[in-house]
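[1] structure for the following, please:
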Amino acid sequence: MTTWITICDTCKREGWEATGMERTDGESLAALIEALADGPVATRRVSCTMGCERACNIVVQAAGKIGYSLGRFAPTAEDAAAIVAYARLHAASQTGLVPFRDWPQGVKGHFVSRQIPLPQT
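    The predicted model follows:
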């Protein structure tokens, strides 16, 4: 089963305008994550996850599993690697639950919310 990392490509961290960057922080983070994701982890970009005060934002989810919103990332190789590492653990889990002790250090403190899977009807 595929675990998806949904990346907000319109995210701009505070002070972005002053940097003179042509790409948003979300676009930069998305490119880094996309370069690392493979196997059971896929990516997609969306425009706005409505978490602007916590930019940069991503969502980790898979059908029938608990999903998670995470934010406050920087567009760095380290943050991208931690996100993909967590997504791989999510993919390996039957339910989407990953024990805290197994979380990559780079995702600790970034969780915003948990989404319970929809009922199977």
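[2] now do the strands in the protein.
    Listed from the start of the chain, the chain has strands (DSSP state E) covering 3-8, 41-46, 58-61, 67-70, 111-115.
[3] check the offset of the fourth one from the chain's centre.
    Read that as strand 67-70. Remark: strand 67-70 is offset 7 Å from the chain centroid, using CA atoms, centre = their mean, to the nearest Å.
[4] what packs against it?
    Other helices and strands packing on strand 67-70, by 3 or more CB pairs under 8 Å, 6 or more residues apart in numbering; DSSP states H and E, are strand 58-61, strand 111-115. C-betas here are computed from N, CA, C, even on glycine.
[5] highest mean neighbour count out of those?
    Highest mean neighbour count among those (mean count of other CB atoms under 10 Å): strand 58-61, with a mean of 24.
[6] so what sits opposite the residue nearest to His90 when sequence neighbours are not counted in the bridge?
    For His90, the nearest residue in space outside its immediate sequence neighbours is Thr3; the separation is 4.8 Å by CB to CB, 6 or more residues apart in numbering. According to DSSP bridges, Val41 are recorded as the beta-bridge partners of Thr3.
[7] tell me, how many residues neighbour Thr3?
    When neighbours are defined as other CB atoms under 10 Å, Thr3 has 24 of them.
[8] please apply the same query to the one 10 residues further on.
    One way to gauge burial is a neighbour count; for Arg13, by other CB under 10 Å, it gives 18.
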